[in-house]
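Peer 1: whatever this is, show me its structure:
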Amino acid sequence: MDRRAFIKTAAVVVGTTQVPIGAVTHPPQAPGKKGRVIVFQGDSITDTGRNRDNHDPNAAAALGNGYPLLVTSAVLAAHAAEGLQCYNRGVSGNTVPDLQARWATDTIELKPDVLSILIGVNDIWHKFNGSYNGTVQDYEQQYTALLDQTRRALPQVKIIVLEPFVLRTGAVTDRWFPEFDERRAAAARVAKAAKAAFVPLQKVFDQHVHTAPPAYWAADGVHPTPAGHAVIAEQWRHAAGL
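Peer 2: The predicted structure follows:
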């Protein structure tokens, strides 16, 4: 499926689905304002081949080919009069320490009103090739510190923590567990401590595999297919209320 067909088809799915599968947690939030800034942060699942030389908000090339593009397309259409500005700052291969290293310029300086973060797969995957050795405790402490920093700099920001998820296919084997589940639990605790919305993507995808096999949603068990990105976008919009 080419990029144009993917956007058209998945945007219809995102825009028409009414009942989300996951039980998203919603802390109280103040009403939205005109001209809000939305920032998507994370690793390759968020990056999705975006043009990192294009820094313009709402630019298709700068948003990549995944859920940030689907979300942006849908919310700009649904809120055309609000002047929303959407940025994708995901970087393929990133772990939480990588986010920390670029957080000031890639997040804080954009002054987001809504900040979305999906991080955690590489924090375990990179351990398998010896390029990273962070523990579950490191992940939780560093992630907590990152959101503490964000709250101090941007007290009113709405934070959406997307749960890291994998499906048992492709690269995902038994060696991922139980550590990966421990990291998912850590992400939930981080979100609760930061008073962030938490989107339980693992539960969502675990239910979707009853309708189609894991590779239909994430071919290698990690990186979503167009259908998988549409699922994330649906859950994201529910969590954000957009």
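Peer 1: for the host helix or strand of Asp181, which outside residues touch it?
Peer 2: Asp181 belongs to helix 179-193 when assigned by DSSP states H and E. With contacts defined as Cβ atoms under 8 Å, 6 or more residues apart in numbering, helix 179-193 is touched by 25, 120, 123-124, 136, 139-140, 143-144, 147, 159, 161, 163-166, 196-198, 200, 202. All C-beta atoms are positioned from the backbone trio N, CA, C, and that covers glycine.
Peer 1: those in helices, which ones?
Peer 2: Per DSSP state H, helices hold the following members of those: 123-124, 136, 139-140, 143-144, 147, 202.
Peer 1: which among those end up buried?
Peer 2: Among those, those buried by neighbour count (16 or more other Cβ atoms under 10 Å) are 123-124, 136, 139-140, 143-144, 147, 202.
Peer 1: from the residues you listed, pick the one nearest Ala80.
Peer 2: Taking Cβ to Cβ as the measure, Ala80 lies nearest Leu147 of these, at 31.3 Å.
Peer 1: for the closest residue to that closest one other than its chain neighbours, grab phi and psi.
Peer 2: Nearest non-adjacent residue to Leu147, counting by Cβ to Cβ, 6 or more residues apart in numbering: Ala194, 3.9 Å away. Here is the backbone geometry of Ala194 (degrees, to the nearest 10): phi -90, psi 0.
Peer 1: measure Ala194 to Gly134 for me?
Peer 2: Counting by Cβ to Cβ, to the nearest Å, the gap from Ala194 to Gly134 is 19 Å.
Peer 1: compare those two (neighbour count), which wins?
Peer 2: Ala194 (21 against 18; other Cβ atoms under 10 Å).
Peer 1: quick check, pLDDT for the more buried one.
Peer 2: Model confidence at Ala194, expressed as pLDDT, equals 97.
Peer 1: next one: the one 5 residues further on
Peer 2: Model confidence at Val199, given as pLDDT, is 98.
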